[in-house]
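Student: got a structure for you, letters missing:
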């Protein structure tokens, strides 16, 4: 029996007269008087393989009644040169087996364009469409590139916990993890929840970041990275927010902010180059169908040095801008997406790194500058999307870190282990975080973040 071949391999390397077997799902069927055309896709490529099924195929009439869009099939035959435009080869079927039928009256993915809103309602089937399958191939390639980038540089991949007792961001937007019977939650004398009786003996959460744990490992292995799911209980029902998303977070010992920025820039360039080389058809599809600037944006990332500007300089540029912003521009306020996009798209016209933000709007772990007003933070702003990477040099001085934790109203006792890292062999260190779904959006031009993750989690949305 011929070995089953992936369709992407046949489209790229298949030769006439090869005997092959394919397996996949029917995208289209066209019946003629004496034969039928069927396009089969197995998810390995944007294009499917055209199959010609003649009447001499065993049980032709009965089989073709069962073959419809959405049906799963196995087809064996011989590759032949294709007279059709845009494809080298097609498959002349010798036999066809139907694994699973799809009722054409009820199967929701017929050969027409469907809105992304409609496809979100059928999340169990939407991966079979051209756009979503292309998204997830790009997502896979970007994931591979991330691991290759760090592994080539000797980084250790660290699996940080999903259940955590630490609020890394200090924002409080965290999901509680509990073993309590919610009908009988124990209370303290002050009528608050008594977490000392819970499964972990204290208040536990789904993690918002693996950074603090990555710092622990960096203090032993020098260069580490995390790549895993994180969670935010932020009730934002927008095209930019998810309750569950993936984060990439490298952490480097003996590294300052300059080294952090250099690594982040090289990291983005590497990923874009890898995806363009690995998924050329998918990226061309996005450029044609989703956003005509996808390929130009990728080239902008790969070929240009990123602009670098301090927060103070950025505020001055925004104040001088000849356009009005919805949100105020003022030193001490955080940059909004419209400000970030103006800097990257209109002023510098390329990715831009903004550094040295006001201490009051940044997290406690960022290294305080000598001016006592700003911290050694950096954000990378990308055209069309705004902030895509946020990072900083970490505060390695014990006394300053203790002060910063207290200033943000956090309990020093909760961070005893984090402070120990500064007591025992502290070193300058730095890192950054990349929201992976934001990256996939940036790569593909997809406008809604729920369309770049297979199973989006958002307010009132938790199918499967």
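Tutor: Okay, I see it. None of these values were measured; they are calculated from a predicted model. Numbering: from 1, shown residues only.
Student: can you list the buried residues in whichever helix or strand residue 37 is part of?
Tutor: Assigned by DSSP states H and E, residue 37 falls within strand 35-41. Across strand 35-41, burial judged by 16 or more other CB atoms under 10 Å covers 35, 36, 38, 39, 40, 41. All C-beta spots, glycine's among them, are computed from the backbone N, C-alpha and C.
Student: can you tell me how far residue 186 is from residue 196?
Tutor: Using CB to CB, to the nearest Å, we find residue 186 at a distance of 9 Å from residue 196.
Student: do residue 275 as well
Tutor: 48 Å.
Student: residues contacting residue 240?
Tutor: Taking CB atoms under 8 Å, 6 or more residues apart in numbering, we find residue 240 in contact with 337, 449.
Student: and the nearest residue to residue 457 once chain neighbours are set aside, its phi and psi?
Tutor: The shortest distance from residue 457 to any residue other than its chain neighbours is 3.9 Å, reached at residue 244 (CB to CB, 6 or more residues apart in numbering). Backbone geometry at residue 244, expressed as degrees, to the nearest 10, gives phi -130, psi 130.
Student: burial count for residue 244?
Tutor: Residue neighbour count, defined by other CB atoms under 10 Å, stands at 17 for residue 244.
Student: that one against residue 461, yeah?
Tutor: No: shown here, residue 244 and residue 461 do not form a contact pair, counting by CB atoms under 8 Å, at 10.4 Å.
Student: report all helices and strands that the strand or helix carrying residue 131 contacts.
Tutor: Mapping residue 131 onto the secondary structure by DSSP H and E places it in helix 130-152. Packing partners of helix 130-152 (3 or more CB pairs under 8 Å, 6 or more residues apart in numbering; DSSP states H and E): strand 156-157, strand 223-231, helix 257-278, helix 280-289, helix 436-444.
Student: what mean pLDDT does the shortest one get?
Tutor: The average pLDDT within strand 156-157 is 98.
Student: what does that strand contact?
Tutor: With contacts defined as CB under 8 Å, 6+ apart, strand 156-157 is touched by 147, 150, 151, 217, 221, 223, 224, 225, 226, 227.
Student: which member of these is positioned nearest residue 174?
Tutor: Within the contacts of strand 156-157, the smallest distance to residue 174 is 17.5 Å, found for residue 226 (CB to CB).
Student: any idea how far that closest one is from residue 396?
Tutor: Counting by CB to CB, the gap from residue 226 to residue 396 is 20 Å.
Student: more neighbours: which of those two?
Tutor: Higher neighbour count among residue 226 and residue 396: residue 226, with 24 against 18, using other CB under 10 Å.
Student: contact partners for that one?
Tutor: 157, 158, 159, 160, 210, 211, 213, 214, 247, 248, 249, 250.
Student: which of these are buried?
Tutor: 158, 160, 210, 211, 213, 214, 247, 248, 249, 250.
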